[in-house]
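J.: Prediction below, plus the sequence it came from.
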Amino acid sequence: MFGLAAIALSGCGRRETPVEAGIRTQSLLLGNSAEPADLDPQAINAFTDANITDALFEGLTSIDAKTSRGVPAVAERWEISPDGLVYTFHLRSSARWSNGDPVTAQDFVFSFHRILSPAFAAGYSYMLWPIKGAQAFNSGKLTDFSQVGVEAIDAATLRITLANPTPYLLALAAHETWMPVPRSTIEKYGRFDQKGTRWSRAGALIGNGAFTLVEWTPNSRIVVKKNPTYWNAAHVRLNQVTFFPTDNSDSEELAFRAGQLHVTGVSGGLPSAKIPYYRAHAPNELRIDPALATSYLVFNVTRAPLNRVKVRRALALAIDRESISRDILFGSRAPAYSLTAPNCGGYTAEARIPFDAALARRLLAEAGFPEGKGLPSFEFQTLSDGSSTKVAEALQAMWRRNLGVNVTIATTEQKVLFQNEQSLNYTIGISAWIADYPDPSTFLNQYVTGGGNNWTGWGNPEYDRLIHETEVTGDNTRRFALFQTAEKLLLEEAPLAPLFNLPEVYLIQPSVHGWDPSLIGYHHLTNVWLEP
């Protein structure tokens, strides 16, 4: 059941809707599409979780929604050495934790130590690997953290030394994995390298963001209130934000129409079948914003017969993406033929996986399964919302028609789906990647062998070598050429199959102001206000 207050009518007057009350009190009501797994910014890996942690914590930089560039946040300024290897960040003297304590350079050193600790096993720890010694420490090859390129010069000065020039470093530093976490609170509730303790729950969580956590009722709502100790609190106009997690986009759309939400979830908050209605009757409430994001299938290559490249490529080639885009998604999402979203930091993939049913049938026969004979039935795990189910049913029909392959569909909530994929407890799954920063590495780095977000079981030494070369060259032309070669190899081996590029498709009340489109999906609530 959707965890929102119902509208009540009594007497001859109409009671104030939650949306109307929110305008009056500056209380924003947001759909969040899924229940968060955690609110520890160093332990999460879902975009829907990061929506909330972005309100509770803040890193050295923040992403400017209009330019996708890193801009000052906790760090008010910085210097970069001529060789691009040393960044000296100067922290704001006004930066405070929500308990009033100053945010210091030592807090960042502690936080980086925590996420890079092997025992913490953060799936996203590779986001800090550009730092000198970070990967070696994270893998256990280096045991002395003082050898990692992170140093608190004094309470307000943080020096970071990189292993190699990283042109997107200032945007990377805005990512939740780079956000500071409160040492005293974390150590109060467990070991510093321990996940899942109660420090990130209401009543315990201390943050340094624009809002503080006051309630987390699982599968119902997460409430945050304006943080008076935030360094830029005078700029924040919202008094409260309530996030409503639901995996059902139909329920979310109904809540919006009933005046219970100001904004639906930007990652799936509108059933595709409703798009034509809003285009025709309420275009001012429909938003389709460009984003650097791709939806794709993942194959568990540790399970036979998906351990055979020709079987995986056959499944990928048998998908008519244009039909899905046109007939099921009503043109709201463009077909994707590569993993990396087009024009990601100036990079567009040249390699493609097209729709070629004849080639798919030939490859399947060469793999020993002509017309699908001898193949077991594959289970396809997908999300339980309406649009995902319809896409899954279309894929099921295409594979049966084009290849003679039988697929059963299993629907589940996002948290369970991610847990299953992460533990390789699936055969075929659905996934999506939203760029963490505007550079192709955000898509392609995750598929190195054993990568924290590589949930396919696939690895290739040549792919690893190509990605490593991108990390040690400062020549962007050379980097992009290496990425082109790596992506071609990835698509040829097909541990994944691109489906479509993901704009943000959602509903928004006209009363919401300052909600700027964002290529990487983050809408900073510090800039939002409500007005009739």
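T.: Yep, that arrived.
J.: In the stretch 101-250 of the chain, where is pLDDT below threshold?
T.: Scanning the stretch 101-250 of the chain with the threshold set as pLDDT under 70 gives no residue ranges.
J.: what about the helices in it?
T.: Listed from the start of the chain, the stretch 101-250 of the chain has helices (DSSP state H, counting those that start in this stretch) covering 105-116, 134-139, 169-172, 183-188, 249-257.
J.: now for whichever strand or helix holds residue 295, which elements pack on it?
T.: Using DSSP states H and E, the element containing residue 295 is strand 293-299. Under the contact definition 3 or more CB pairs under 8 Å, 6 or more residues apart in numbering; DSSP states H and E, strand 293-299 sits against helix 309-317, strand 428-434, strand 496-501. In short, each C-beta sits where N, CA and C put it, glycine included.
J.: Could you tell me the average pLDDT over that strand, please?
T.: Over the span of strand 293-299, the pLDDT mean works out to 97.
J.: What of stretch 83-95?
T.: When pLDDT is averaged over stretch 83-95, the result is 97.
J.: How far off centre is it?
T.: Relative to its parent chain, stretch 83-95 has a centroid offset of 26 Å by CA atoms, centre = their mean, to the nearest Å.
J.: Same check on stretch 113-125?
T.: Relative to where its chain is centred, stretch 113-125 has its mean C-alpha point 18 Å off (CA atoms, centre = their mean).
J.: That stretch: end-to-end distance?
T.: Length of stretch 113-125, first residue to last, CA to CA, to the nearest Å: 10 Å.
J.: what does that stretch contact?
T.: Under the criterion CB atoms under 8 Å, 6 or more residues apart in numbering, residues 42-45, 128, 134, 137-140, 145, 148, 150, 175-177, 181, 186, 191-195, 422, 452-453 lie in contact with stretch 113-125.
J.: I'd assumed residue 315 was in contact with residue 363.
T.: No: no contact is recorded between residue 363 and residue 315 when judged using CB atoms under 8 Å, the distance being 9.5 Å.
J.: What about residue 374, how many residues nearby?
T.: Each residue near residue 374 was counted by other CB atoms under 10 Å, and the total is 10.
J.: can you give me the angle the strand holding residue 295 makes with helix 309-317?
T.: Angle of strand 293-299 versus helix 309-317, following axes from the mean of the first three to the mean of the last three CA atoms, to 10 degrees, is 140 degrees.
J.: Tell me which strands strand 293-299 pairs with, and in which orientation.
T.: strand 428-434 (antiparallel), strand 496-501 (antiparallel) (DSSP bridges).
J.: which residues are contacting the last one?
T.: Residues external to strand 496-501 that are found in contact with it (CB under 8 Å, 6+ apart): 293-299, 312, 315-316, 319, 321, 324-325, 329, 333-339, 341-342, 353, 391, 431, 447, 456, 490-491.
J.: Now find how far off-centre that strand is within its chain.
T.: On the basis of CA atoms, centre = their mean, strand 496-501 is displaced by 16 Å from the centre of the chain it belongs to.
J.: chain center to the helix or strand just after it: distance?
T.: Later in the chain than strand 496-501, the nearest helix or strand by DSSP H and E is strand 504-507. For strand 504-507, the distance between its averaged C-alpha position and the chain's averaged C-alpha position is 16 Å (CA atoms, centre = their mean).
J.: Among the contacts of strand 496-501, name the buried ones.
T.: Applying a neighbour-count criterion of 16 or more other CB atoms under 10 Å, the buried members of the contacts of strand 496-501 are 293-299, 312, 315-316, 319, 321, 324-325, 329, 333-339, 341, 353, 391, 431, 447, 456, 490-491.
J.: which parts of the helix or strand encompassing residue 400 are buried?
T.: Using DSSP H and E, residue 400 sits within helix 386-403. Neighbour-count burial for helix 386-403, counted by 16+ other CB under 10 Å, picks out 386-388, 390-392, 394-396, 398-399, 402-403.
J.: Domains in the protein, by residue range?
T.: Using automatic domain parsing, the domain parsing of the chain gives 9-42+201-289+506-530, 57-188, 293-501.
J.: mind putting the ones you listed in CSV, distance to residue 49 included?
T.: Shown next, in CSV, are the domains of the chain (distance: least, CB to CB, whole Å):
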stretch, distance to residue 49
domain 9-42+201-289+506-530, 4
domain 57-188, 8
domain 293-501, 9
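J.: can you tell which of those domains is closest to residue 51?
T.: Taking CB to CB as the criterion, residue 51 comes closest to domain 9-42+201-289+506-530 out of the domains of the chain, the separation being 6.0 Å.
J.: on that earlier part again, same list (the helices of the stretch 101-250 of the chain) but as CSV, adding distance to residue 483 and mean neighbour count.
T.: As requested, those are exported to CSV (distance: least, CB to CB, whole Å; neighbours: other CB atoms under 10 Å):
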stretch, distance to residue 483, mean neighbour count
helix 105-116, 25, 23
helix 134-139, 19, 20
helix 169-172, 16, 23
helix 183-188, 37, 16
helix 249-257, 33, 21
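J.: Show the contacting residues for residue 105.
T.: Taking CB under 8 Å, 6+ apart as the definition of contact, the neighbours of residue 105 are 89, 91, 152, 153, 154, 155, 156, 157, 158.
J.: quick one, phi psi at residue 46?
T.: phi -110, psi 140 (degrees, to the nearest 10).
J.: show me what contacts it?
T.: By CB under 8 Å, 6+ apart, the contact set of residue 46 is 34, 36, 37, 414, 415, 418.
J.: Farthest pair within those?
T.: Using CB to CB, the two most remote members of the contacts of residue 46 are 36 and 418, lying 11.4 Å apart.
J.: For these two, indicate the residue with more neighbours.
T.: For the pair residue 36 and residue 418, the greater number of neighbours falls to residue 36 (23 against 20), based on other CB under 10 Å.
J.: distance of that one from residue 231?
T.: Shown here: residue 36 relative to residue 231, a distance of 25 Å by CB to CB, to the nearest Å.
J.: Residue 379 now?
T.: In this structure, residue 379 lies at 50 Å from residue 231, with CB to CB as the measure.
J.: Show me which of those two is the more surrounded one.
T.: Using other CB under 10 Å as the criterion, residue 379 and residue 231 rank with residue 231 on top: 20 against 13.
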